[in-house]
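>>> task: produce atomic coordinates for the following.
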Amino acid sequence: MNLLILEDNTKDMERLIRQIEAWKKETGHEVYIQKETAIQKDSYAMRGLLDIDAAMLDVETPGIDGMTFAKHLRKYNSRIDIAFISNRSECLLASQDVYACSIIVKPTNMKKIFDLLDFWWERSSYAKGRAILTLQRGAYAVDKYYTDDILYAQALSHAVEIVTCSGRQRYNTTLQSIMKRLPQGEFCRCQRSIVVNVRKIKGLQDKKAKEIQLTNGETLRVGPKYIDDVRAVLVALV
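Next up is the predicted model:
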C-alpha cells in the first residue's frame, strides 16, 4: 500500500511513522510512505499522486491546507482512501464532502492507527487479490477500477469508454491497449469495438444469440464473428 502523510509537526510525523512501522511489523504487510510537510500549488503532490492508495492528512498545514488538498485528491484520484489527523472537531462535518473514512485526534493513538490500517488493508486490492486497471484522465487525473466492477469497454472515436454500474468515463487510449491490461479469461469481445466482462453477462437475449443481457439490465449486440466466443465463455461459467 502506498501511503501519503501530510504533517508539518516533526514530533507528530515521527509518532505516526513509529505507529505505522509497528503495524507493519505486527501484520507483515508492506506500506510505502511518502512524507510531505507542506503542499504548494506547483509541488509534485498537486499533480495527481497517481500511485497513492491512501492519505493521512493534517488539517492545518502550511501552503494548501489538508482539507483543500483532500478535495484535490478526491477530484484526481477516484480510489484513494482519506483520513484526517486533527484536534479540531469542526472538521468532522467538512470531512463528509471528500468522503473521508476517519478522523484521528492528536496525539494519535496506536490502536486507532492500527484499526484504520487494518480497515484500509482489508478493503484494498492487496488483501482481496482484485485486479486494478489504472487509467490517466486528462493531464493529471487518474482513475482506478477494480476490473471485476467493469461491465465493458467500448472503443469510440479516438477514445475508449469504460462502463460500470455507476457511470461511464472516456479515456484517450485504444481498446487494444485496454485489453492487454485486463485479466486474461475474464473479458471477451462481443463486437469489434466492445470487450465485455464475462461475469457480467446474464445470458443470451434470444436463440440466435444476437444480443447478450448484462447484470445491470443493459443489452449489447453480438457480432456474427464473436458469437461462438461468447457462447464458449458462457458455457465455461456454468
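
>>> show residues contacting stretch 157-175.
Stretch 157-175 is contacted by residues 133, 135-137, 143, 145, 149-156, 177-178, 193, 195, 216 when judged by CB atoms under 8 Å, 6 or more residues apart in numbering. From N, CA and C alone the C-beta is placed, and that goes for glycine too.

>>> would you mind listing which of those residues are buried?
Among the contacts of stretch 157-175, those classed as buried by 16 or more other CB atoms under 10 Å are 133, 135, 143, 145, 150-155, 178, 195.

>>> domain-wise, how is the protein divided?
For the chain, the structural domains run 2-128, 132-237, going by automatic domain parsing.

>>> where along the chain do the helices fall?
Ranges of helices in the chain, per DSSP state H, are 10-27, 66-76, 91-95, 110-123, 125-128, 175-181, 227-237.

>>> would you indicate which residues of the first one are buried?
If you call a residue buried by 16+ other CB under 10 Å, then helix 10-27 has these buried ones: 12-13, 15-16, 19-20, 23.

>>> what's the closest non-adjacent residue to the residue positioned nearest the centre of the chain?
Of all residues in the chain, the one closest to the mean position by CA atoms, centre = their mean is residue 79, 2.9 Å from it. Once flanking residues are discounted, residue 79 sits nearest to residue 144: 3.8 Å by CB to CB, 6 or more residues apart in numbering.

>>> touching, that neighbour and residue 133? I think so.
Yes. Counting by CB atoms under 8 Å, residue 144 does reach residue 133; the two are 7.3 Å apart.

>>> quick one: residues contacting residue 186.
Residue 186 neighbours (CB under 8 Å, 6+ apart): 147-148, 197-199.

>>> in TSV, list the domains of the chain along with mean pLDDT.
Below are the domains of the chain laid out as TSV (pLDDT from 0 to 100):
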stretch	mean pLDDT
domain 2-128	80
domain 132-237	87
